[in-house]
Each structure stands twice: as C-alpha cells, then as structure tokens.
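1. okay, sequence plus prediction incoming.
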Amino acid sequence: MASQAQPDLTNASPAHGARHVAIIMDGNGRWAKKRLLPRIAGHRAGVEAVRRVARAARDLGLECLTLYAFSSENWKRPANEIADLMGLLRHFIQADLDEFHANGVRLRVIGDYRALEPSLVDLIERAVTRTAANSGPIIAIALNYGAQDEMLRAARHLAEKAAAGRIDPNEIGVEHIDAALDTADLPPLDLLIRTSGEQRLSNFMLWQAAYAELYFTDMLWPDFDERALAKALDAFRMRDRRFGGL
Ligand code: IPE
Ligand code: IPE
Ligand code: MG
C-alpha cells in the first residue's frame, strides 16, 4: 500500500518571504571598547558573528546573504587595523571554506577585491571557484566595496561598450545597469540591516536598496546572532511593500 504523500518542503519559500538580506556589520570597535579590549578583539568577535549568521541564513531559508566586511572608505583607517582586518579575512576563508563547501554554500564577493593583496585575491578567487557549482545559499562578502565605486565601474563599462558601438546609448535601460553591477546575478535585495545604532548606508548597495526595507538595530555586530536575524525577518514580514503602487 502506498504511504501517504508527504508535502515536499525543500523548495517551499519561507514565511518571512525574504530572498536576499544584506547586513552592514557595524560596531566591532565599540563592542571592544566597552570591554576595555583592543579593536582587533571586536573584529575577532565579529567573525564569530559572521559564522553564526551564515549558518542562520541557511536555516532561515535565505537565498542570499550579503555582508559588508570592508568598505572602499575603510582604507582611511590606521594601517595596523587594516592589516588586522585583512589577516582575519584570510584566516576566515582558510578556516571556514570546507564547512561552507560541505553545506553547499556558494561564496561570492562584491566590490573591487582585485585591489587587495595578490595572495588574498588568489585565495578569494579559489574559494569562489571551488563553491561556484554548489546549489545552496549564496554568501556574498563585500570587500573594498563602495556603491559609488561600483556604479562608476558599471558606467565605465557601459560607456566603453557604447564607444565601441556595441550598445546604443538610447537603448540603455535599468536592466543594463543591473547587469553591469557586482550584484548582477544575485536576487533582488529585500532587507538591509545595520547594527550599532547608526542610521546611514555608508556607501552600501545604494542602487540595490531602491526598494529594500531598512532595519536598524542598536545591537553591536559581535552580539548579533540567529535570534537577532529571525527578529529582523519577523519585522520584514510585517512591512507593507508597495513599490510605488497601492
Ligand atoms: C565594523 O565595525 C567593521 C568594519 C567596518 C570593518 P567598526 O570597526 O566600524 O566598529 P565601530 O563602528 O568603530 O564600533
Ligand atoms: C560601514 O561601517 C562599513 C562596514 C561595516 C564594512 P563604517 O564603520 O565604516 O561606517 P561609518 O564610517 O561609521 O559610516
Ligand atoms: Mg563603524
């Protein structure tokens, strides 16, 4: 006798309805300061939060999680802090890539990461290539990312195409700009979270955030966890997104 059919939940969309969440991971320095620790301790604790939230993203059924790790303006910081951040990034990829790969995660990078140190660029590209054929969620890390720089590179790319006669300037539409951005093959951004109480975008995903819901929390990034992400997604679920319509 045939057993009763079970509903297939593998492709069911989660109740919160968000496909793509991006996070401005802010407040590592203040977290450390509160504990009288050096800033690097805050960044280390921030990496632990990244691990927790990357796992939570999968459990919560997100298709894509984009994390702002280093902005194109963060080069203004002291050289020793930049070196600490690059060291943590290197260590993170080396230590966590196997787990990501085993869990089917596709690792991606947005931003002008090619300007980083060559051995780091190589490490990043190998990690992206190794996980490219996976079918699980995308974890996109924003490295040396600035939305204005991203749009500038997209504008140059389109201008070069136009100059070469490969595209008619009058035919350029929103979809051409979408396709020229670093986020070209990521799902549309649904929810943009910023921790640490600051209420600004700091040059993050300005184009993609056109109709994203914004969520600000006072929690410092190293304190962020699965519950905090679930809470943000609950808030998102209650929002009434109208996209200019009624
Ligand atoms: C976010 O924490 C991490 C990066 C920008 C790399 P911060 O380092 O900005 O922490 P605060 O804002 O000084 O507390
Ligand atoms: C934004 O945080 C960049 C990242 C989280 C990587 P910042 O700490 O650099 O932003 P501002 O300077 O306070 O705007
Ligand atoms: Mg900050």
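-> In hand now; what should we look at? Ligands and ions are numbered 1, 2, ... in the order given.
2. close to ligand 2: what parts of this structure are there?
-> 24, 25, 26, 68, 69, 70, 71, 74, 198, 200, 202 (Cβ under 6 Å from any ligand atom). Every C-beta, even on glycine, is put in place using the N, C-alpha and C of the backbone.
3. check the burial of the closest residue to residue 57 other than its chain neighbours by counting its neighbours.
-> Nearest residue to residue 57 in three dimensions, chain neighbours excluded: residue 65, at 4.1 Å (Cβ to Cβ, 6 or more residues apart in numbering). Burial measure for residue 65: 23 neighbouring residues, criterion other Cβ atoms under 10 Å.
4. isn't residue 65 up against residue 142?
-> No. In this structure residue 65 lies outside contact range of residue 142 using Cβ atoms under 8 Å: 11.1 Å.
5. report all helices and strands that whatever helix or strand residue 148 lives in contacts.
-> In this structure, residue 148 sits in helix 147-163 according to DSSP states H and E. In terms of contacts (3 or more Cβ pairs under 8 Å, 6 or more residues apart in numbering; DSSP states H and E), helix 147-163 is packed against helix 174-180.
6. in the longest helix along the chain, what counts as buried?
-> Secondary structure assigned by DSSP state H gives helix 79-102 as the longest helix of the chain. For helix 79-102, burial by neighbour count (16 or more other Cβ atoms under 10 Å) applies to 84, 85, 88, 89, 90, 93, 96, 97, 100, 101.
7. contacts for that helix, please.
-> With Cβ atoms under 8 Å, 6 or more residues apart in numbering as the contact definition, helix 79-102 has outside contacts at 39-40, 43-44, 47, 50-51, 54, 69-70, 74-75, 107, 116-117, 120, 123-124, 127, 130-131, 134, 139, 143.
8. direction included, what does whichever helix or strand comes after that helix pair against?
-> Using DSSP H and E, the helix or strand that follows helix 79-102 in sequence is strand 106-110. Paired neighbours of strand 106-110 in the sheet (DSSP bridges): strand 138-145 (parallel).
9. wait, what's in contact with the closest residue to ligand 1 within the chain?
-> Of all residues in the chain, residue 29 sits closest to ligand 1, at 2.6 Å by Cβ to the nearest ligand atom. Neighbour list for residue 29: 39, 42 [criterion: Cβ under 8 Å, 6+ apart].
10. in a helix, it, correct?
-> Yes. Checked against DSSP: H, G, I helix; E, B strand; the rest coil, residue 29 lies within a helix.
11. just checking, what packs against the helix or strand containing the residue nearest to residue 57?
-> In the assignment (DSSP H and E), residue 65 maps to strand 64-71. When contacts are defined as 3+ Cβ pairs under 8 Å, 6+ apart, strand 64-71 packs onto strand 20-24, helix 39-59, helix 79-102, strand 138-145.
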